[in-house]
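> Sequence first, predicted model second:
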Amino acid sequence: MNFILHLGLGSFHRAHQAVYVHALRQQGDTGWAIAGGNLRPDMADTIAALQAQDGRYTLETVTPQGERNYTVIESIQRVIPYQDDLAPLIAMGADPATRIISFTVTEAGYYLDAQNQLDWPTFADLRADLAAVKAGQAGHTIYGGLVSILRTRRAAGAGPVTLMNCDNLRHNGDRSRGGLLQFIEALGDAPLKEWVEQNTTSPNAMVDRITPRPTPDVAERVKAATGWDDKAALMGESFIQWVVEDDFIAGRPSWETVGVEMVQSVQAHEEAKIRLLNATHSCIAWAGTLAGYQYIHEGTHDAAIRQMAYDYVTDDAIPVLQPCPINLEQYRDVVLDRFGNPAIADTNQRVAMDAFSKIPGMIAPTIRDKIARNTSFDSVAMLPALFLAYLQRWHAGQIPYSYQDQAMDPAVAHAICDAADPVAAYAADTTLWGEMAGHPRLVDALRKAYARVLAFVAERTGA
């Protein structure tokens with residue numbers, strides 16, 4: 001049997017890639033299975049539950065109309081327990097039966113700046129990981145973990161392997177590969193770098209399925225529907241999509257038979273998804289939090305917030321993506337329909353996180369395109385303006401939940417909020433804006449948008 005080793009055994013992987021492999025196995029193609037584990041000691045309860053259940057778990061899916069379905073997913077055949085030295089993961093990655101190593105670590109986990117260079121000065125954990133690997137210890141970032149696995153695989157003569165990124169990162173295969181090669185260069189391991197260049201491929205991919213963090217009521221519904229007290233149950237929306245460039249060096253499952261779009265280039269799908277879905281999702285999460293909502297669907301059904309999202313896509317995102325093989329107006333409407341699904345109960349907390357990597361990756365490109373065309377970008381400017389108002393609330397300790405942002409330096413964020421002119425300080429931040437930082441048109445558009453956001457907030461809160 002051939003294996004996909006997946007790093008990051010979280011909800012999204014179990015509601016997405018694992019579902020496609022399960023579908024293959026259900027139709028009789030049992031030549032592939034998944035082995036999965038984590039690079040860090042997180043999700044210990046879920047990992048333990050999956051081990052106890054032999055990798056089996058129930059996925060609940062919900063349509064926008066509220067129809068629920070339950071499927072027991074059985075594609076994860078090996079659950080790898082966490083060890084600090086990563087020995088079981090490394091052994092699996094060095095097994096010749098492992099033909100694909102896939103990973104889900106979120107956008108911020110790639111530590112890349114606007115020029116796609118590893119941001120060594122900003123990230124202490126990246127520097128610490130490099131030092132650990134140099135000292136012969138296992139790495140726990142995606143790059144250190146992959147190096148630990150690939151060094152052993154090379155030494156074992158286990159053959160080529162595909163490195164498959166499953167995150168919402170633009171050009172995700174190219175960029176994660178670039179970061180890996182830079183990490184190996186910093187290690188000074190020229191033989192490993194040459195081996196990786198010759199014996200791995202990194203296809204770009206676009207992944208899509210809204211998958212909230214599981215809440216206790218998911219397990220309760222699963223037990224009521226199936227009779228199984230499933231400790232690893234999770235839920236996601238009924239919609240699912242996966243578009244992958246067909247660039248696999250050591251074979252792959254016949255994914256095209258279960259709905260995966262295998263393509264030569266993923267770029268059009270990727271841009272549509274990142275700008276029309278991911279950026280819009282963040283818009284609704286930030287605006288919804290400011291308006292006092294807890295869930296994404298509440299903000300989506302708020303006429304003013306929905307209009308902000310609709311105007312951003314219609315006025316600014318769609319024009320810069322044309323011509324496009326995808327019907328973008330239809331895509332926009334389907335996205336808003338999906339976000340309005342109350343059964344998903346996706347939280348603003350989950351979607352609002354990591355803005356310091358989402359703004360440069362998902363929102364700044366549209367502003368950059370509009371500046372290049374010398375056209376107005378008042379609608380897209382509302383998105384970063386919403387986050388600035390959100391950041392001011394965070395600064396004052398008024399966000400009703402814990403805000404997580406791996407790419408944010410809290411001291412820098414507090415300094416932006418404390419500045420005499422917070423809009424100018426925000427527009428000057430190079431982590432957010434790269435070479436656009438301080439651009440007069442950016443400052444002007446943000447200033448006008450921020451005034452509109454403050455008026456929106458005042459209307460909702462009376463403040």
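The structure has been received and is ready for your questions. Residues are numbered from 1 along each chain as shown.

> The helix or strand hosting residue 20: what's the following helix or strand?
Per DSSP states H and E, residue 20 falls inside helix 17-26. On the C-terminal side of helix 17-26, the nearest following helix or strand under DSSP H and E is strand 32-37.

> just checking, what packs against that following strand?
The contact analysis (3 or more C-beta pairs under 8 Å, 6 or more residues apart in numbering; DSSP states H and E) places strand 32-37 against strand 2-7, helix 17-26, strand 76-79, helix 87-93. In this view, the C-beta of every residue, glycine as well, is placed from N, C-alpha and C.

> Quick check: mean pLDDT of it?
Mean per-residue pLDDT for strand 32-37: 98.

> Please apply the same query to stretch 214-223.
Across stretch 214-223, the average pLDDT comes to 95.

> outside of stretch 178-192, which residues touch it?
110-112, 116-118, 120, 130, 133-134, 142-144, 146-147, 150-151, 154, 163, 193, 196-197 (C-beta atoms under 8 Å, 6 or more residues apart in numbering).

> just stretch 372-379 next, same as before
Under the contact criterion C-beta under 8 Å, 6+ apart, stretch 372-379 has outside partners 308, 311-312, 314-316, 319-320, 366-367, 370-371, 445, 448-449.

> Just the terminal-to-terminal distance for that stretch.
With C-alpha to C-alpha, to the nearest Å as the measure, the ends of stretch 372-379 fall 16 Å from one another.

> how many other residues sit next to the residue nearest to residue 25 when sequence neighbours are not counted?
Distances taken as C-beta to C-beta, 6 or more residues apart in numbering place residue 75 nearest to residue 25, at 5.9 Å, with adjacent residues excluded. Neighbourhood size, residue 75 [other C-beta atoms under 10 Å]: 24.

> burial count for residue 234?
Neighbour tally, residue 234, other C-beta under 10 Å: 24.

> cool, and residue 22?
Quick note: residue 22 (other C-beta under 10 Å) scores 20 neighbours.

> Please apply the same query to residue 219.
Using other C-beta under 10 Å, residue 219 is surrounded by 21 other residues.

> cool, and residue 211?
Number of residues near residue 211 (other C-beta under 10 Å) recorded here: 21.

> From what I see, it and residue 11 are in contact.
Yes - the pair residue 211 / residue 11 is scored as a contact, 4.8 Å apart, by C-beta atoms under 8 Å.

> shared neighbours, the two?
234, 236.

> ok, and what's touching the host helix or strand of residue 460?
Here residue 460 sits within helix 440-461, counting by DSSP H and E. By C-beta under 8 Å, 6+ apart, the residues outside helix 440-461 that reach it are 287, 290-292, 304, 367, 371, 376-378, 381-382, 384-386, 388-389, 423-424, 426-427, 433, 436, 463.

> Please identify the most buried of the helices and strands packed on strand 32-37.
Most buried of the helices and strands packed on strand 32-37 by mean neighbour count (mean count of other C-beta atoms under 10 Å) is strand 2-7; its value is a mean of 22.

> Mind giving me the packing neighbours of the helix or strand following that one?
Next along the chain after strand 2-7, taking DSSP H and E as the criterion, comes helix 11-15. In terms of contacts (3+ C-beta pairs under 8 Å, 6+ apart), helix 11-15 is packed against strand 57-62, strand 234-237.

> switch to 7 Å and redo it
On a contact count with 3 or more C-beta pairs under 7 Å, 6 or more residues apart in numbering; DSSP states H and E, helix 11-15 meets strand 234-237.

> Please save the CA atoms from the strand it packs on in PDB.
Backbone C-alpha positions of strand 234-237 (Å, rounded to 0.1, in the frame of the first residue of the first chain) are rendered in PDB as follows:
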ATOM      1  CA  LEU A 234     -16.000  17.100  13.500                       C
ATOM      2  CA  MET A 235     -18.200  19.000  11.100                       C
ATOM      3  CA  GLY A 236     -17.900  21.100   7.900                       C
ATOM      4  CA  GLU A 237     -20.100  22.600   5.300                       C
END
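
> Report the strands that pair with that strand, each with its relative direction.
Here strand 234-237 is paired, per DSSP bridges, with strand 57-62 (parallel).

> Other residues contacting the strand it pairs with?
Applying C-beta atoms under 7 Å, 6 or more residues apart in numbering, the contact partners of strand 57-62 are 14-15, 19, 50, 68-73, 218, 221-222, 226, 228, 230, 232-238, 341, 343-344.

> So, low pLDDT: which residues of this structure?
Within the chain, the ranges that satisfy pLDDT under 70 run 463.

> now the strands for it?
Taking DSSP state E as the test, the strands found in the chain are 2-7, 32-37, 57-62, 68-73, 76-79, 98-103, 161-165, 200-201, 205-208, 234-237, 241-245, 261-263.

> hmm, who's touching the shortest one?
The set of residues that contact strand 200-201 without belonging to it, under C-beta under 7 Å, 6+ apart, is 160-163, 247-249.

> distance of residue 228 from residue 72?
Distance of residue 228 to residue 72, given as C-beta to C-beta, to the nearest Å: 8 Å.

> Specify which member of the contacts of strand 200-201 is nearest to residue 258.
residue 248 (15.9 Å; C-beta to C-beta).

> Could you verify my assumption that the closest one touches residue 162?
Yes - if you go by C-beta atoms under 7 Å, residue 248 and residue 162 touch, sitting 4.6 Å apart.

> Mind listing the shared neighbours of the two?
Residues touching both residue 248 and residue 162 (C-beta under 7 Å, 6+ apart): 201, 203.

> gap between the two ends of stretch 418-437?
Taking C-alpha to C-alpha, stretch 418-437 runs 18 Å from one end to the other.

> List the buried residues of it.
Residues 422-423, 425-429, 431-433, 436-437 are the ones in stretch 418-437 that count as buried (16 or more other C-beta atoms under 10 Å).

> Could you list the residues in contact with that stretch?
Contact with stretch 418-437 is made by 114, 356, 359-360, 364, 367-368, 388, 407, 416, 438, 442-443, 446-447, 450, as judged by C-beta under 7 Å, 6+ apart.

> Now list the buried members of the residues you listed.
Buried members of the contacts of stretch 418-437, scored by 16+ other C-beta under 10 Å, are 114, 356, 359-360, 364, 367-368, 388, 407, 416, 442-443, 446-447, 450.

> Tell me which two in the residues you listed are the farthest apart.
407 and 447 (24.1 Å).

> shouldn't residue 165 be in contact with residue 205?
Yes - contact between residue 165 and residue 205 holds when scored by C-beta under 7 Å: they sit 6.3 Å apart.

> list residues touching both of these two?
In contact with both residue 165 and residue 205: 172-173, using C-beta under 7 Å, 6+ apart.

> Figure out how far stretch 399-417 is from the centre of its chain.
19 Å (C-alpha atoms, centre = their mean, to the nearest Å).

> Convert the C-alpha atoms of it to PDB, please.
This file holds the C-alpha atoms of stretch 399-417, laid out as PDB (Å, rounded to 0.1, in the frame of the first residue of the first chain):
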ATOM      1  CA  ILE A 399     -12.100  42.000  22.000                       C
ATOM      2  CA  PRO A 400     -14.400  39.400  23.600                       C
ATOM      3  CA  TYR A 401     -12.100  36.500  22.800                       C
ATOM      4  CA  SER A 402      -8.400  35.700  22.500                       C
ATOM      5  CA  TYR A 403      -6.900  37.000  19.300                       C
ATOM      6  CA  GLN A 404      -4.200  34.800  17.800                       C
ATOM      7  CA  ASP A 405      -1.700  36.100  15.200                       C
ATOM      8  CA  GLN A 406       1.500  34.300  14.600                       C
ATOM      9  CA  ALA A 407       2.900  37.000  12.300                       C
ATOM     10  CA  MET A 408       2.100  39.900  14.600                       C
ATOM     11  CA  ASP A 409       4.600  41.500  16.900                       C
ATOM     12  CA  PRO A 410       2.300  42.700  19.800                       C
ATOM     13  CA  ALA A 411       4.700  45.600  20.600                       C
ATOM     14  CA  VAL A 412       4.500  46.800  17.100                       C
ATOM     15  CA  ALA A 413       0.700  46.500  17.000                       C
ATOM     16  CA  HIS A 414       0.300  48.400  20.300                       C
ATOM     17  CA  ALA A 415       2.700  51.100  18.900                       C
ATOM     18  CA  ILE A 416       0.500  51.500  15.800                       C
ATOM     19  CA  CYS A 417      -2.600  52.000  18.100                       C
END
